[in-house]
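Build the 3D model from these lines:
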Amino acid sequence: MNVLVTGGAGYIGSVIVEALVGRGHRAIVVDNLSKGHRQAVVPPARLLMVDLADRAALAELLTAEKIDAVIHMAADSLVGESMQKPEKYFRNNVINSLNLVEAMLEQGVTALVFSSTAAVYGEPETIPITEDVPPAPTNVYGESKLAFERMLGWLGRIHRLRWIALRYFNAAGATERLGEDHDPETHLIPIVLQVALGRRERVQLFGTDYPTPDGTCIRDYIHVADLAEAHLLALEALARDEAGGRAYNLGNGTGYSNRQVIEAARRVTGHPIPVEEAPRRPGDPAVLVASSARIQRELGWWPRYPGIDEIVGSAWRWHRRFPDGYPE
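All right, here's what the predicted structure looks like:
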């Protein structure tokens, strides 16, 4: 297939493009490089600088490249920023996403895999979280993703758009070629590895009095290659005209605590990784773990790299090769 990947120069998007190319698909990347990196787009995938706000340019691209399907990754995704600049998140994650779908429908492209988020659930009462839990976002980021999911439901019913939304928490790890390079970095695993590399003195541990076995938050970590595989399985299901109009959770099913992540990094790197205990951050739930039973049952997906040591180890190999991130 000819597949358009929005945000395909970003962390997760670039690994999806790598997987598409490896599976024999033709990948066209649309990315404004506000967070992505030109060097992360693997050949023979092509990178095009087209703004999702420009519907006419998107429609022209879809036709010119004979696009069969779209994987929509492009989004603003910082929870804290979303609570400071809600208008930015609604504009990019909702309005620009609608521009993309309108351009698709104008050109007869009706297959969309949407990279959503488990933040749509807010603070659920039951763990692990299933897709039957009513969404109740507690931040603008989650609300913006849910708003677009709801739009997809109506667009599917009225215009026969075929879509699958994938909801997940913490992407982590790296492939041999592609890894995580954010500025600023807000994710625990790369921050811990920056300590091991001597780029930081210590890692802050926010909250040690949660009702969990070791007192720290538990989160669902999924290897980025497993996320890529889920997106490809969703794409192939849509191509077979199966499972459209569905949301699927992606998760390991158990989760790892912040202390477990730090201990894994100590084992993998051989570095002591000093810790500074800090107060809880407002709004951080004790446990966030998603059930992936539905996608395992319906699309045959399961995590191939579920172990925290293998997730951290893959990230460590990449960060040692690129301690300053992608060369600009």
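
For the stretch 51-200 of the chain, which segments count as helices?
Along the stretch 51-200 of the chain, counting by DSSP state H, counting those that start in this stretch, helices occupy 55-64, 79-82, 86-90, 96-106, 140-159, 188-196.

And for the stretch 201-328 of the chain?
224-239, 258-269, 293-299, 308-321.

Point out the other helices and strands that the shortest one packs with.
Right, the one you point to is helix 293-299. Using 3 or more CB pairs under 8 Å, 6 or more residues apart in numbering; DSSP states H and E, the elements in contact with helix 293-299 are helix 224-239, strand 246-249. C-betas here are computed from N, CA, C, even on glycine.

can you list contacts of it?
Helix 293-299 is contacted from outside by 130-131, 166, 230, 233-234, 237, 243, 246, 248-250, 301-302, using CB atoms under 8 Å, 6 or more residues apart in numbering.

hang on, the earlier thing: so for Glu123, which of the helices and strands packed on helix 293-299 sits nearest?
strand 246-249 (15.9 Å; CB to CB).

Show me the chain divided up by domain.
Following automatic domain parsing, one finds the domains of the chain at 2-171+221-249, 174-219+253-321.

Of all these, which one is nearest Pro327?
Closest approach to Pro327 among the domains of the chain is made by domain 2-171+221-249 (6.5 Å; CB to CB).

hey, which of the domains of the chain is tucked in deepest?
Comparing those by mean neighbour count (mean count of other CB atoms under 10 Å), domain 2-171+221-249 comes out on top with a mean of 20.

chain center to it: distance?
Domain 2-171+221-249 has its C-alpha centroid displaced from the chain centroid by 9 Å (CA atoms, centre = their mean, to the nearest Å).

and that domain, how far apart are its ends?
One end of domain 2-171+221-249 sits 26 Å from the other (CA to CA, to the nearest Å).

Show the average pLDDT along it.
Domain 2-171+221-249 shows a mean pLDDT of 96.

quick revisit: for the helices of the stretch 201-328 of the chain, give me a markdown table that also has distance to Asp183.
Converted to a markdown table, the helices of the stretch 201-328 of the chain look like this (distance: least, CB to CB, whole Å):
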| stretch | distance to Asp183 |
| --- | --- |
| helix 224-239 | 18 |
| helix 258-269 | 21 |
| helix 293-299 | 32 |
| helix 308-321 | 14 |
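
For Leu188, find the nearest of those.
Closest of those to Leu188 is helix 258-269, at 5.7 Å (criterion: CB to CB).

packing partners for the closest one?
Helix 258-269 packs on helix 188-196, strand 203-206, helix 308-321, going by 3+ CB pairs under 8 Å, 6+ apart.

thinking Lys66 is in contact with Asn2, fair?
Yes. Lys66 is within contact range of Asn2, at 5.3 Å (criterion: CB atoms under 8 Å).

Which residues are in contact with the closest residue to Gly283 other than its chain neighbours?
Leaving aside its sequence neighbours, Gly283 sits nearest to Thr138 (CB to CB, 6 or more residues apart in numbering; 6.2 Å). When contacts are counted by CB under 8 Å, 6+ apart, Thr138 touches 122-123, 283.

The nearest residue to Asp181 once chain neighbours are set aside and Leu178: what is the separation?
Distances taken as CB to CB, 6+ apart place Gly325 nearest to Asp181, at 3.6 Å, with adjacent residues excluded. Distance of Gly325 to Leu178, given as CB to CB, to the nearest Å: 12 Å.
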